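*Asks:* Sequence and predicted structure, then a few things I'm wondering about:
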Amino acid sequence: MLDAVEALAELADEGAVDMLIRVLGYYNPGAAVAAVDGLIRIGIPAASALLSQIDGYNYGARAWALRVLAGIGDPRGLDLILETAEEDFSLSVRRAAARGLGSIQWERLSVDERKVAQQKSRDALLRVVGDTEWVVRYGAVAGLQGVAIAATNEGFTELIEPIKHTLSGLVHDDDATAVRARAQWALVQLSGS
């Protein structure tokens, strides 16, 4: 099965979307990873299909679908990604959602919608950096960096200072070396943008 899913994913063909989505619900993590990669390669058409087919009762499928939506960055999935980053019980899903908030395709929104969406994302990520799991905080730092870069590019400078302040605090106070290092790297990247 894994070989078949990998071959299908490699095609990056819209015709494969429904089958790749179906694979997300199987209890086969290797096949699911391949399906996620294929759906991300397909992009927006895959996000459209996922948004209409997310299985709220199959946790595994929902978790994999969230990884796809976060990987594609389609802003239509923003509310789901925001909710998941803060509330999902799986640390790996919260991490994927938090990180994914930094790669939303903001240009697919109107300028007014961008600012509101970036502020909502920033505010959620500022809460997520308080997660008890270091991998989720790490994902939140990456997400904050992405939101700050997007806000800088848009000229929404008022959104950036709280991000820099929080990253500075993480550099000095987080108990995980990886989070402190990632926050420091994000600050360095932001100082050049």
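*Replies:* Yep, it's here.
*Asks:* looking at the protein, which helix or strand does the model trust least?
*Replies:* None of the helices or strands of the chain scores lower by mean pLDDT, DSSP states H and E than helix 59-72, at a mean of 86.
*Asks:* Distance from it to the middle of the chain?
*Replies:* Its chain's average C-alpha position is 9 Å from that of helix 59-72, according to CA atoms, centre = their mean, to the nearest Å.
*Asks:* Could you do stretch 4-16 as well?
*Replies:* Using CA atoms, centre = their mean, we find the averaged C-alpha position of stretch 4-16 to lie 22 Å away from the chain's own average C-alpha position.
*Asks:* Buried residues in it, which are they?
*Replies:* Within stretch 4-16, the residues that count as buried by 16 or more other CB atoms under 10 Å are 5-6, 8-9, 16. (Each C-beta comes from the backbone N, C-alpha and C, glycine too.)
*Asks:* biggest separation within those residues, which pair?
*Replies:* Spanning the widest gap among the buried residues of stretch 4-16 are 6 and 16, at 11.6 Å by CB to CB.
*Asks:* Could you give me the buried positions within stretch 23-36?
*Replies:* Of the residues in stretch 23-36, those buried under the neighbour-count criterion (16+ other CB under 10 Å) are 23-26, 28, 31-36.
*Asks:* how about CSV for those residues, with distance to residue 89 and pLDDT added?
*Replies:* CSV is the format used below for those (distance: CB to CB, whole Å; pLDDT from 0 to 100):
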residue, distance to residue 89, pLDDT
23, 23, 94
24, 18, 92
25, 18, 88
26, 21, 89
28, 22, 91
31, 23, 95
32, 18, 93
33, 20, 94
34, 25, 96
35, 22, 96
36, 20, 95
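*Asks:* Sort out for me which of the residues you listed are in strands.
*Replies:* Counting by DSSP state E, the buried residues of stretch 23-36 place none of their members in strands.
*Asks:* hmm, back to that, so of the buried residues of stretch 4-16, which ones are in helices?
*Replies:* Residues from the buried residues of stretch 4-16 lying in helices, with DSSP state H as the criterion: 5-6, 8-9.
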